[in-house]
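Colleague: predicted model and sequence below, questions to follow.
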Amino acid sequence: MTTRIEVADLVVRYGEQTAVNGVSFSVGRGEHVTLLGPSGCGKTTTLRSIAGLEQPTGGSISIDGQAMFDAGARKNVPAEQRGVSMVFQSYAVWPHMTVFDNVAYGLRVRKQSGPEIRAAVERALDLVQMRALADRPASKLSGGQQQRVALARAIAFSPTVVLFDEPLSNLDAKLRAEMRVELRELQRRLDITSVYVTHDQEEALAISDRVIVMNVGVIEQIGTPEQIYNSPRNRFVADFVGSANILKGRVMGAGTFAAEGGTVLKFTAPHAPTGQETEVAVRTAYIDLVGREGDNQLTGHVRQRMFHGDFVQYIVECACGRLIVRRPPTNLLEEGAPVMLSFSASHTVLLQS
Amino acid sequence: MNHSRFNWQPVISAAVVVVVAFLVLLPLVFLVEESLNTGDPMAFPPQQFGIANYIAMFDEDINVLVNTVVIALMATAMAIVIGFSLAWILTRTNVRGRELLERLMELPYYMTPLVGALAWSVIAGPKSGFVNQLWHAWGGKGDIVDVYSYFGIAWIMALFEGTVAFVMISASMKSMDPALEESARVMGASKLRTMLTVTLPLVMPGVLGATLFVFAEMLGSFAAALVIGIPARIYVITTAIWDSTLSYPPDYGRASAMGLSLFVVMFGMLSFYRWRINKGSYATITGKAFRPRPMDMGRLAWLLVGVCLLYIAVAVVLPLGALIFTSLQKFATVILSQSAFTLDNYRTALGLGPIRLALRNSLMLGFGVATVGVILMALLVWIIYRSRIRGAGAIEYLVMFPQAVPRLVFGLALLWAWLNIPIPIYGTLWLLALAYLTVMLPLGVRTLAGVVLQIDKSLEECARVCGAGWLYQMTTVTLPLLRPGILAAWLLIFMACVRELGTSVFLMGPNAKVIAPSIVAAFASSGTELTAAMALIQTGTVVLALVILFRLTRGVTKEMT
Amino acid sequence: MRLFALTCALALAAVSAQAQDAKLCDKPRQMEGFKTCADVEKAEAEGAFVLYSTDPEAGQAKLVGAFMKAFPKIKANYFRLQAGALYAKLLSERQAKSYLVDVIQISDMGMILDFQRKNGFVRYISPEMAAFKPEYKSKPEGYWTWGSVIMGGIAYNKKNTPEAEAPKKWEDLLDPKWADAINVKVSNSGLQHGIWYMLKPLLGDDYFKKFAAQKPRAFDSYVQQYGRLTDGQDKVIMGAQYSGAVEFQAKGAPIGFVFPELGLPAVSETYGIVAEGPHPNAGKLFMDWFLSPVGQKALAEALALHSPRDDVPPPAGAVPLSKMKLLIPADWDAFEKDRPSFAKEWDRLVGARR
């Protein structure tokens, strides 16, 4: 897989504030990478720097081996010459044009012929199922329709790189889920390389080849969705992505951890342990309420039960504190019932301190 | 404890509405009546009615009408081009020092058109204007600039009365989502293409609104036409009104007919604007404010800064410099090689008791009118936008009415009204105060409305639910919440009063002198050098007053931003 | 009926009041340099005095300043407009029952006569009026008196126009070389009306038609006119007020003044005390002071104006009245009737109307 986008040591400062502080990653051809993090973590700034809409302070950005920004060489290619495309959070569909004109914009800028433009626009509108509305003024569209137009516009001129800045955040939950499926489908079909920004961890996991978790301007972890979920590197990632129980304690010896309250747990470590670590994480979904031989086992009782529909959440009181457990809504336990918790060593992840 | 069993709301609302109707409509009724007077112009009520004044206007004064339209069109075009370019540079690009530049852009407003016209007559007058003198000294033949021309008048109007174009257009640019431009850039459009295909069409409603407003303003503009137009033999409607009112025998009929014709045009245009905007065919810019993400202009930025600096040079630095130079001259000779410096003009200007008095009166009026005005206007705003009384829309129209009437025409209407209303306040500061209060209504209400609409209704409703009466709720919740807006409106009204010319010019008397018309009078009879000194003293005083006010109210102004 | 009776009573009272004022007071009081019949204590108690005048502001300020020096307890104020504008304003004020002014000076006899007919003046016979020729006073005396005589000639800038090339006669102003370079006063001016009124019969109706083709520019006061001459924006003033030339020459401006052989049209600046003025005693006191040699000298110093009194010398550097050939309208009523048509024609001539 050849590298399409290379970001190295990117630094973006606004006066005293540092928004991005030394971020490096690369995106392979056809790969779909998501920048995930809470608001203010620098993910959007990083994305805008790739687009050329933000002037970084340091580092370099290259696309297809061509330097787009290089602080050392004082090089900064203007946005319009980078050949990337972007979908904005606010869609930025131009209200003074029709749907067709919006989608045709990038093609017209590239001086394509009339029939070519027509064909490309129709193809793009077909992909988002908006062809019927081609002649409608863009100001008369619903939020979801605007989203589709923005998407069609971004892909119509066959860019190799498309950047997505929280494109689904303004949609309601159901529509968001639908669009997620469509987006994933589109990526596969068009073979585009994309960088996607979101603060929604569920969305990030669902549609990415790789996820980059960011916090306060730096990268916390890079990995496939499974890696991020199953092997969070530190407390921040464990907390921010999915839901996890964090148990405090100390490393005793090879593969064993003494949690507070005296419980000894077996763990796996994604990194080479230093022995100084004080936390392990256990995903709430990976805890079973039946004892299994060979796994970590704890006794306790159900303190609270909350019925969510797709799952049931129990808060279980045990020696090492309160643990959250999520189970399918079958075989409901009553509050106060004694339980035996078990989870495998491979799901007990030692966090870097 | 029960705060007002008696319901004050309808009483106060009704009183306010009656006062406003009296202030706004009555003078115009008198004006219409007088424009139809074909008998003795001084007789009241008129003994003969007819439309002879209107016929005469088209017959004898058609050149005046044509001049007015031509100059207003030229000035509007210039003001819009200048306003649009500066607004774009200062809101959409990343040129350095934008905040400072933006402050500086406001300076021409403080300088007033009168000062600008005086200054430009010194800079670009034929033969002896500084520019022409330099040209001659350089070996040039003839004059290269002549401000005493259609273009000259329009130029001064555009520079000193066109500031509103910059303000309105920047507001509409600021409320545009920057992503709309960015997406065009990412699609591969150049900066120029982005501006032409995205920025321009999107701010078009704002530009159209600004164009209409500026055109209306230019039609009613007076100062430049007086200082530059009369010597150039170019008369416009306002100067013709001024001329026929202040001559013997006075021709109130002609003046009223001209004033009303101007009013009809302005009213028509403002109505058209409202209709167009309400139709909302392409109004899509949300009211939401966006974090500005200006475009990087690279090396071009210096050129753009240059454009801004050029504007500041011609609208602030050059005029002030020219006036300062002139005010230090011994007498009207502004021939550079013959200059003889003296401080006599400042001594004379400050020694003229009436000028000191005029300045004091203006500051006093500004203070009083602004203070009383904001209270009245805050009540009006509440009645219009919150009280849900029937006819609130009609009241809004009523309040905005003076906007459609050129200042000078309103002054004329007030003059005529108060000549005939048997309450002897003509020639006193009271009449000026009433006049100012009336013409400032649209400005104040517009400013305050912006703030009122931002206050969540539930804050007020909560007070009512808690058992507060209307009066108690107004004084404990609504007015305190309005405070930052009230302060802003106060400052605007204060400024506008101190620089008021059009209305005051007819209403000033020996015991009620105000500064702007006094400067006009000085211009007529005291020579440019003394007038320049007076104008500078006025400008200096206003700036000083504002600086003091800003200092005193800094805490509150911070809240505003 | 009752209303009628009341009006009659008021009218009678007014007449008897006038009759009382009609003769000079028995014992005029001798002040410093002048005699007065006014009650000086009452005047000082009034504490203020307002003058409306057509003279330029700076000069007026000096004049009332001299009066205030003599009577520091009286705060003198003034208001300046050109004659027509001033009279229009005065009438408007009276219509609105706003009585703000004590003494007016208007440079147009037509308006003075009109105001006298409207009973606008108080009759007060100043002890100083004896020094004025009968033709310089109202008939009967006491309503208005000429405060100065003003005359108009031709002025040019000696730096820009050699004396030999300067116009000598009124007709010379029709030379195309002065096109676009002449300034005049606005139609509101009394002197300008005098110039029109006196020259038209002498030079023929054609004269002003041809003059209009020169495209003269109109200004409100001689200060603007001489200012534009001094800085070279205009080359000639037609009907240049002589006092202005004297004033500017004294300041060092290179002004040349021509006394055309045909004569200089001249009019008066006429003063009178206004009925219902807010400070009646101060008004009388001012009139006495002003008409005396003291006041007349102050006027000459402040505004370089010629006194109608024979015992007052001309302003410093000025030719005396006796050495000038003045053209003064003989029939002021005819002059007054001519004003509306003059105003219209002059407005056309200077481009204010079509």
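Modeller: Great, that's in hand. Numbers count the residues shown, from 1 in each chain, chains lettered A, B, ... in the order given.

Colleague: number of residues surrounding B:Ala394?
Modeller: Here the number of neighbours of B:Ala394 (other Cβ atoms under 10 Å in any protein chain shown) works out to 12. (Each C-beta comes from the backbone N, C-alpha and C, glycine too.)

Colleague: list the buried residues for stretch C:275-290?
Modeller: By 16 or more other Cβ atoms under 10 Å in any protein chain shown, the buried positions in stretch C:275-290 come out as C:275, C:277-290.

Colleague: stretch A:123-133 now?
Modeller: Of the residues in stretch A:123-133, A:124-125, A:127-128, A:130-131, A:133 count as buried by neighbour count, 16+ other Cβ under 10 Å.

Colleague: next to chain C, which bits of the stretch 401-550 of chain B? Give me the list.
Modeller: Residues of the stretch 401-550 of chain B lying near chain C by Cβ under 8 Å from any Cβ of the partner chain: B:415, B:418-420, B:422, B:424, B:426-428, B:509-511, B:521-528, B:530.

Colleague: residue nearest the centroid of the chain?
Modeller: Since no chain was named, I'll use chain A. Centroid-nearest residue in chain A, with Cα atoms, centre = their mean: A:Ala204, separated by 2.9 Å.

Colleague: actually it's chain C I care about, not the one you picked
Modeller: Most central in chain C (Cα atoms, centre = their mean) works out to C:Glu269, at 2.4 Å.

Colleague: secondary structure class for it?
Modeller: Here C:Glu269 is recorded as strand under DSSP: H, G, I helix; E, B strand; the rest coil.

Colleague: residues in contact with B:Ala524?
Modeller: Listed by Cβ atoms under 8 Å, 6 or more residues apart in numbering or on different chains, the contact partners of B:Ala524 are C:82, C:219-221, C:224.

Colleague: assumed it was part of a strand.
Modeller: No. With three-state DSSP as the criterion, B:Ala524 is assigned helix and is not in a strand.

Colleague: what's the spacing between it and B:Ala322?
Modeller: Distance, B:Ala524 to B:Ala322, using Cβ to Cβ, to the nearest Å: 20 Å.

Colleague: also B:Ile123?
Modeller: Between B:Ile123 and B:Ala322 the distance is 5 Å, computed by Cβ to Cβ.

Colleague: count of neighbours near B:Gly39?
Modeller: There are 13 residues near B:Gly39, going by other Cβ under 10 Å.

Colleague: out of the helices and strands in the chain, which is least certain?
Modeller: If you meant another chain, say so; for now it's chain A. helix A:173-190 (a mean of 84; mean pLDDT, DSSP states H and E).

Colleague: quick one: buried residues of that one?
Modeller: Within helix A:173-190, the residues that count as buried by 16+ other Cβ under 10 Å are A:176, A:179-180, A:183, A:186-187.

Colleague: check contacts around the nearest residue to C:Pro314 once chain neighbours are set aside.
Modeller: Leaving out its chain neighbours, the residue that sits closest to C:Pro314 by Cβ to Cβ, 6 or more residues apart in numbering or on different chains is C:Pro320, at 4.4 Å. By Cβ under 8 Å, 6+ apart, C:Pro320 lies in contact with C:306, C:313-314.

Colleague: what about 10 Å?
Modeller: Going by Cβ atoms under 10 Å, 6 or more residues apart in numbering or on different chains, C:Pro320 touches C:306, C:310, C:313-314.

Colleague: among the residues you listed, name the ones in helices.
Modeller: Among the contacts of C:Pro320, no member falls in helices (DSSP state H).

Colleague: which one of those residues sits closest to chain A?
Modeller: Using Cβ to the nearest Cβ, C:His306 comes nearest to chain A of those, at 73.7 Å.

Colleague: the closest one: how many residues sit nearby?
Modeller: For C:His306, using other Cβ under 10 Å, the count is 27.

Colleague: quick one: pLDDT of it?
Modeller: With respect to pLDDT, C:His306 has a value of 96.

Colleague: residues from the stretch 51-200 of chain B in reach of chain C?
Modeller: Residues of the stretch 51-200 of chain B lying close to chain C (Cβ under 10 Å from any Cβ of the partner chain) are B:59-64, B:66, B:121-122, B:125-129, B:132-133, B:148.

Colleague: quick one: secondary structure of C:Val149?
Modeller: C:Val149 ends up strand, using three-state DSSP.

Colleague: hang on, it packs against C:His306?
Modeller: Yes. Between C:Val149 and C:His306 there is a contact under Cβ atoms under 10 Å: 5.1 Å.

Colleague: what residues do those two have in common as contacts?
Modeller: Joint contacts of C:Val149 and C:His306 (Cβ under 10 Å, 6+ apart) are C:242-243, C:266, C:269, C:321, C:324, C:326.

Colleague: pull out the buried residues from these.
Modeller: Counted by 16+ other Cβ under 10 Å, the shared contacts of C:Val149 and C:His306 give C:242-243, C:266, C:269, C:324 as buried.

Colleague: quickly check those for the two that are furthest apart.
Modeller: C:Glu269 and C:Met324 (16.3 Å; Cβ to Cβ).

Colleague: show me where pLDDT drops low in chain C?
Modeller: Low-confidence segments of chain C, defined by pLDDT under 70: C:1-23, C:354.

Colleague: again, only using 50
Modeller: Applying pLDDT under 50 to chain C flags residues C:1-21.

Colleague: again with the stretch 101-250 of chain A
Modeller: Scanning the stretch 101-250 of chain A for pLDDT under 50 picks out no residues.

Colleague: any idea how chain B splits into domains?
Modeller: B:6-40+B:343-561, B:62-342 (automatic domain parsing).

Colleague: let me fix that: chain A
Modeller: According to automatic domain parsing, the ranges for chain A are A:3-230, A:243-351.

Colleague: return the most buried member of the ones you listed.
Modeller: Highest mean neighbour count among the domains of chain A (mean count of other Cβ atoms under 10 Å in any protein chain shown): domain A:3-230, with a mean of 19.

Colleague: first-to-last residue distance for that domain?
Modeller: 26 Å (Cα to Cα, to the nearest Å).

Colleague: now do the contacts for A:Asp165.
Modeller: A:35, A:43-44, A:47-48, A:51, A:53, A:86-90, A:92, A:195-198, B:179, B:182.

Colleague: sitting in helices, which of those residues do you find?
Modeller: Short answer: the contacts of A:Asp165 in helices (DSSP H) are A:43-44, A:47-48, A:51, B:179, B:182.

Colleague: looking at the contacts of B:Ala524, which are in strands?
Modeller: C:Phe219 (DSSP state E).

Colleague: just the contacts of B:Ala524 now: which is nearest C:Asp206?
Modeller: Nearest to C:Asp206, judged by Cβ to Cβ, of those is C:Phe219 at 24.9 Å.

Colleague: contacts only, for the nearest residue to the closest one once chain neighbours are set aside.
Modeller: Among residues not flanking C:Phe219 along the chain, C:Gln225 sits closest, at 5.1 Å (Cβ to Cβ, 6+ apart). Counting by Cβ under 10 Å, 6+ apart, C:Gln225 touches C:155, C:183-185, C:217-219, C:234, C:237-241, C:244-245, C:248.

Colleague: and A:Pro273, by the same measure?
Modeller: Listed by Cβ under 10 Å, 6+ apart, the contact set of A:Pro273 reads A:251, A:254-255, A:257, A:267, A:350, A:352.
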